[in-house]
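Chemist: give me the fold of what follows.
(2 chains)
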2 protein chains.
Amino acid sequence: MKTPLTPLALADRAFKYYDRRLAILDGEYQDTYGSWAKRIFRLARALKAAGVREGDRVATLMPNTRYMLDMFYAVPWIGGILVPLNTRLVSEDYGYILAHSGASILVVDSNLWPAVESLGDRLPEVWITGSRIEGYPDYDRLLQEYSDEPIALPEINEDDTMTLNYTSGTTARPKGVELTHRNLLINAMDFAYHLNVGIGDVYLHTLPMFHANGWGGVWAVSGVGGVHVTLPKVEGNIIWELIRRHGVSRMCGAPAVLNMILQTAKTQEVTKPLRVATAGAPPPAAIIERMESLGFQVLHVYGLTEVSPFITVSEWIPEEKSDLVENRAQRSAYQGVAQILAGEVRVVRPDGHDVEENGQDMGEIICRGNVVMKGYYRQPEETAKAIRNGWFHTGDLAVVHDDHYIEIRDREKDVIISGGENISSVEVESVLFRHPSVQDAAAIGVPHQKWGETVKAIVVAKPGLTPTEAEIIAFCRDNMAHFKAPTSVDFVTELPRTASGKVQKFVLREPYWAERVKRIN
Amino acid sequence: MKTPLTPLALADRAFKYYDRRLAILDGEYQDTYGSWAKRIFRLARALKAAGVREGDRVATLMPNTRYMLDMFYAVPWIGGILVPLNTRLVSEDYGYILAHSGASILVVDSNLWPAVESLGDRLPEVWITGSRIEGYPDYDRLLQEYSDEPIALPEINEDDTMTLNYTSGTTARPKGVELTHRNLLINAMDFAYHLNVGIGDVYLHTLPMFHANGWGGVWAVSGVGGVHVTLPKVEGNIIWELIRRHGVSRMCGAPAVLNMILQTAKTQEVTKPLRVATAGAPPPAAIIERMESLGFQVLHVYGLTEVSPFITVSEWIPEEKSDLVENRAQRSAYQGVAQILAGEVRVVRPDGHDVEENGQDMGEIICRGNVVMKGYYRQPEETAKAIRNGWFHTGDLAVVHDDHYIEIRDREKDVIISGGENISSVEVESVLFRHPSVQDAAAIGVPHQKWGETVKAIVVAKPGLTPTEAEIIAFCRDNMAHFKAPTSVDFVTELPRTASGKVQKFVLREPYWAERVKRIN
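Modeler: From the prediction side, this is the model:
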């Protein structure tokens, strides 16, 4: 017998068995799985009444609130597709994604309303969570109009798209990654298994839920009957306060978040083992050591939105428990081995052969399996570029060590990852070119203590003009999301190019990475 | 993207990443995942050379040896279907199952050869593991003739049958339960998740692998890179010796096995937490308490071969940790809630409505989901009886408590479960009727200190004849597997029957269960 593989089945089970258990702690607000289910069913009815039908897209622009959690359940419960927008973009990005996805409703947190307000007619129907915004329905009030009677788990095709996650990549425009119910259930089980989340766990949402659906945590935590602790603002002191108050036992975040936790650690320690999964960049050994000394267990995982998002895990090997923490930290910096349900992961040379497992030969990480996306929404040519011969090509360049552990060394794509956020260098360059004094320009990633990498602009000024670094940076910040803007500018007289005219990024990057084994951070 | 859900993908991953890790400890013999894979590939080639093709059945009659483990991988690796025979049957049973399954090869442990030798021409091709048997190929020698080069994971349809597990049930003849690759992968993940098996774990095979593929442990343990410790003979002292020698951390077994462990406990204690899953009968509170005092953690699970086999788990609730051990023990005696991937479980009245969750109303446990079998092999009418309106009917009668926990109270089917083995009362009765002095007879289960239940025969003698209890028991033991034979006989003048002539088993059972809340043990 077959029934659909979907994270909604995890929810259905949780609503049934854990109805009296705590589900959500959102500031002073609390939900049991029972009360939460009621809100989700109200929301599902409200969406349906607003005309959302099977396959329709519904977008969110929210921080990690209880309302954001609701959306991950109610939208697919009526067959809709959730489009969780990155909260750090600018209105132009939102305009593009809303149009490209064809979302019929946008649910916005009132604090983020200014980021989309200017879109005017380009906005779909808007609902507001948080403070009232004149002219738009308030989420909580709206829901009161609908019944909270249970709605049976709908008939779902497990291969249908459940979420559409826009990601920055090699192009200036974000691409919509279509993840199916089956993709997301399999990834949620990898999440539950490798992070070892169980019924007694308290999960703090330090990771933005818009990032690949909180890596699957939005569903896995419910599946096991754990507690979701929301975190609308990622700040060290708030995180410590919630850890202390609620006995947080699991969380996820980029190394920059770990760093923030360490910066505000004072003399605090966690009183029960707190497992934290980190990804987006390899966690520096120094951070792992300090986290462990405070009682954290750092688990390094790796993935991309296109793979739901987990592919690998740097497994803790039990025999290594007695090793020096420095050794473990070094090993934890590797991306590791395929997660239990992630499918097959290989590192291949351009000729398609696997690299030698010698820690030297470099190749591209490719994978195939049940976590690989259905494709890029409405971009079959981009899908065909990414999934070739049945394998998804990550664009990440890695070596494989003697113990089969993968270690990423470089990136094939022009992507800069800063503080866990993907930045398209093409997009940064397109803004640089719009500056009146810029003749030629390139954007590269350079190492950064706090963010892993940061964007540097390499600029050739127009003849006779002398733009300043501050001027270029300010121009970029005015024209794109701040986290994407360069933090430094080098002026040169010419960019190194290939015969065919392509900028040789590796030449530009070389001086900043020369002392390092890896070309990413 | 979709790739087949199959336990073989777990194996493929283990062979790749854990090639230098210990995989099997079988007496003095050891395998790494690397050396084990080689033996599996040799075996796969040997089976193929012997003519095994996609969909062909291959049977085993073996205790828990490394060879038995091999079979769970090599047979499906070439598209075959494994038929693991219960080692406690008699030759007539084996003759029936071999014919019904149409197995083309039977791999037999030399110690069990006497149980099938008499079948003569009714035997398919036979291979022998263990000591040499004249005239039949020796497994180890045979494998030496084949290459150990890796064989890529084959193209599999996840809905194809992977194992055919014969189970005793309501009829005299065992039925072949068809479990698919998808069924078995989903169940293996439930096993890994709920038993919390990880890379550092050492798993002792106290549970016969022929029982629903060791409940999924044959694959789940490999999937996580754990160590399989084989156990050819289930004896308390041997179990303790292996626990001590290898640092066993996980095992499974019927309560009778737990009892055996306690009987031989002496002053021994386990030095690291040893989680033991038990099923087949609810573990008595006294056993749980004593196990816990020795350092075991007893997890009560419930299922049937037809559901791969797990459906429910009596979850440990973290807040209850501080409770009295007696309370926990009582709760652990319940069958609990659906396992995370087991699908939907309900308890329904004959009219199809769910029972009230009041610990009083009794109904039948039914379920649907990805662990429910494809069907009974070549018995569509039996399949249609078991799976009705999309729900599998377990035949187990239960109440549901206020906290959603299911507790089995009785059994609809005429099945007696003794020491974790299903016994068909119909089969026992069919032997009783063959006794020359027996006029009428019924077999019922009665409580038994060690085995949970044991078989009692209720006999009406032919007029003028006076068979003795010992005579009846001896006759049964001569004509069926010993564990199925009655251990006591009551003589009566008449059996209570319904108007339609059906024996009223509940009337017969009443005197033996009168003091109890439940009608099973």
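Chemist: doesn't A:Trp240 fall inside a strand?
Modeler: No - membership of A:Trp240 in a strand is not supported by DSSP: H, G, I helix; E, B strand; the rest coil, which gives helix.
Chemist: with adjacent residues omitted, what lies nearest to the closest residue to chain B within the stretch 1-150 of chain A?
Modeler: When scored by C-beta to the nearest C-beta, the stretch 1-150 of chain A has A:Met1 as its residue closest to chain B, at 3.7 Å. All C-beta atoms are positioned from the backbone trio N, CA, C, and that covers glycine. Excluding the flanking residues, the one nearest A:Met1 by C-beta to C-beta, 6 or more residues apart in numbering or on different chains is B:Val372, at 3.7 Å.
Chemist: again with A:Glu421
Modeler: A:Phe483 (5.5 Å).
Chemist: now that neighbour, what's its secondary structure?
Modeler: Looking at A:Phe483 with three-state DSSP, the answer is helix.
Chemist: please tell me the pLDDT value assigned to it.
Modeler: A:Phe483 is assigned 90 on the pLDDT scale.
Chemist: distance of it relative to A:Leu61?
Modeler: From A:Phe483 across to A:Leu61, the span is 16 Å (C-beta to C-beta, to the nearest Å).
Chemist: got it, and A:Cys367?
Modeler: A:Cys367 sits 31 Å away from A:Leu61, going by C-beta to C-beta.
Chemist: show which residue of chain A lies farthest from the average position.
Modeler: Centroid-distance maximum for chain A: A:Gly464 at 43.1 Å, with C-alpha atoms, centre = their mean.
Chemist: element containing the residue nearest the centre of chain A?
Modeler: By C-alpha atoms, centre = their mean, the mean C-alpha position of chain A lies nearest to A:His211, the distance being 2.6 Å. Using DSSP states H and E, no element contains A:His211; it sits outside every helix and strand.
Chemist: which parts of the stretch 51-200 of chain A sit against chain B?
Modeler: Selection of the stretch 51-200 of chain A residues close to chain B by C-beta under 8 Å from any C-beta of the partner chain yields A:159, A:182, A:189, A:192-193, A:196, A:198-200.
Chemist: now, which of those residues lie within helices?
Modeler: Members of these lying in helices (criterion: DSSP state H): A:182, A:189, A:192-193.
Chemist: who wins on neighbours among those?
Modeler: A:Met189 (27 neighbours; other C-beta atoms under 10 Å in any protein chain shown).
Chemist: A:Ile366 touches A:Arg346, doesn't it?
Modeler: Yes - using C-beta atoms under 8 Å, A:Ile366 is in contact with A:Arg346, at 5.4 Å.
Chemist: between the two, which contacts overlap?
Modeler: Contact criterion C-beta atoms under 8 Å, 6 or more residues apart in numbering or on different chains; residues shared by A:Ile366 and A:Arg346: A:Trp391.
Chemist: more neighbours, those two?
Modeler: Neighbours were counted for A:Ile366 and for A:Arg346 using other C-beta under 10 Å; A:Ile366 has more, 22 against 19.
Chemist: what's across from the more buried one in the sheet?
Modeler: On the basis of DSSP bridges, A:Ile366 is bridged to A:Arg346, A:His393.
Chemist: for chain B, see how far away it is.
Modeler: Noted for A:Ile366: a distance of 12 Å to chain B, by C-beta to the nearest C-beta, to the nearest Å.
Chemist: how about the residue of the stretch 201-350 of chain A at minimum distance from chain B: what's its closest non-neighbour residue?
Modeler: Ranked by C-beta to the nearest C-beta, the top residue of the stretch 201-350 of chain A for proximity to chain B is A:Pro318, at 3.0 Å. In this structure, A:Pro318 finds its nearest non-sequential neighbour in B:Gly200, 3.0 Å apart by C-beta to C-beta, 6+ apart.
Chemist: likewise for A:Thr230?
Modeler: That would be A:Asp26: by C-beta to C-beta, 6+ apart, it lies 4.3 Å from A:Thr230.
Chemist: got a list of what that neighbour touches?
Modeler: A:Asp26 sits next to A:65-66, A:229-230 when contact means C-beta under 8 Å, 6+ apart.
Chemist: again with A:Val116
Modeler: For A:Val116, the contacting residues are A:61, A:91, A:94, A:106, A:108, A:123, A:126, by C-beta under 8 Å, 6+ apart.
Chemist: check which helix or strand covers it.
Modeler: Per DSSP H and E, A:Val116 falls inside helix A:114-117.
Chemist: same for the lowest-mean-pLDDT helix or strand in chain A, what does it pack against?
Modeler: Counting by mean pLDDT, DSSP states H and E, chain A has its least confident helix or strand at helix A:325-332, which shows a mean of 74. The helices and strands touching helix A:325-332, judged by 3 or more C-beta pairs under 8 Å, 6 or more residues apart in numbering or on different chains; DSSP states H and E, are helix A:285-293, strand A:296-303.
Chemist: what is the orientation angle of that helix with helix A:285-293?
Modeler: The directions of helix A:325-332 and helix A:285-293 differ by 120 degrees, with axes from the mean of the first three to the mean of the last three C-alpha atoms, to 10 degrees as the criterion.
Chemist: near chain B, which residues of the stretch 251-400 of chain A show up?
Modeler: Close to chain B, as judged by C-beta under 8 Å from any C-beta, the stretch 251-400 of chain A has residues A:315-319, A:337-338, A:340-341, A:343-344, A:368-370, A:372-374, A:387, A:390, A:392.
Chemist: for chain A, which helix is longest?
Modeler: As assigned by DSSP H, the longest helix anywhere in chain A is helix A:33-49.
Chemist: strands of the stretch 1-150 of chain A, start to end?
Modeler: Listed in chain order, the strands of the stretch 1-150 of chain A (DSSP state E, counting those that start in this stretch) span A:22-26, A:29-32, A:57-61, A:81-84, A:105-109, A:125-129.
Chemist: give the partner strands of the fifth one in its sheet and their orientations.
Modeler: For strand A:105-109, the paired strands and their directions (DSSP bridges) read strand A:57-61 (parallel), strand A:125-129 (parallel).
Chemist: tell me how chain A divides into domains.
Modeler: A:7-332, A:415-513 (automatic domain parsing).
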